[in-house]
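In: Pasting a predicted model and its sequence here:
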Amino acid sequence: MDYFRLNSATIGIERKDGKDIAITLPAGAEIATAESLDTDPESHSKLIEARLGEKTIRVFLLDLLERGQRVSSLRGFAGGA
């Protein structure tokens, strides 16, 4: 699991009622990825599963790498799924 804090807003995808809904992830949002990330440039277009608080979301790896910073832990993160 890797942790990120967004420096600027980006788009994520949340699944609601069987539909994918685009949501805005605000600057300062803390994201925990579901697994350790492969930072190989060829995988940057990959859509990955992550946690935003208690929500499971999907976000592009490239967005996390370009708009966020990797952190050692999350201040507001309450735990796993």
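Out: The structure has been received and is ready for your questions.
In: Tell me where this protein has helices.
Out: Counting by DSSP state H, the chain has helices at residues 61-67.
In: mind listing the strands for it?
Out: Counting by DSSP state E, the chain has strands at residues 3-6, 10-16, 19-25, 30-33, 47-52, 55-60, 68-71.
In: Okay, now the unreliable bits of this structure?
Out: By pLDDT under 70, the low-scoring segments of the chain are 38-44, 76-81.
In: hang on, the earlier thing: same list (the strands of the chain) but as TSV, adding mean neighbour count.
Out: No exception for glycine: its C-beta is placed from N, CA and C like everyone else's. Compiled in TSV, the strands of the chain are given as follows (neighbours: other CB atoms under 10 Å):
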stretch	mean neighbour count
strand 3-6	20
strand 10-16	15
strand 19-25	12
strand 30-33	20
strand 47-52	18
strand 55-60	17
strand 68-71	15
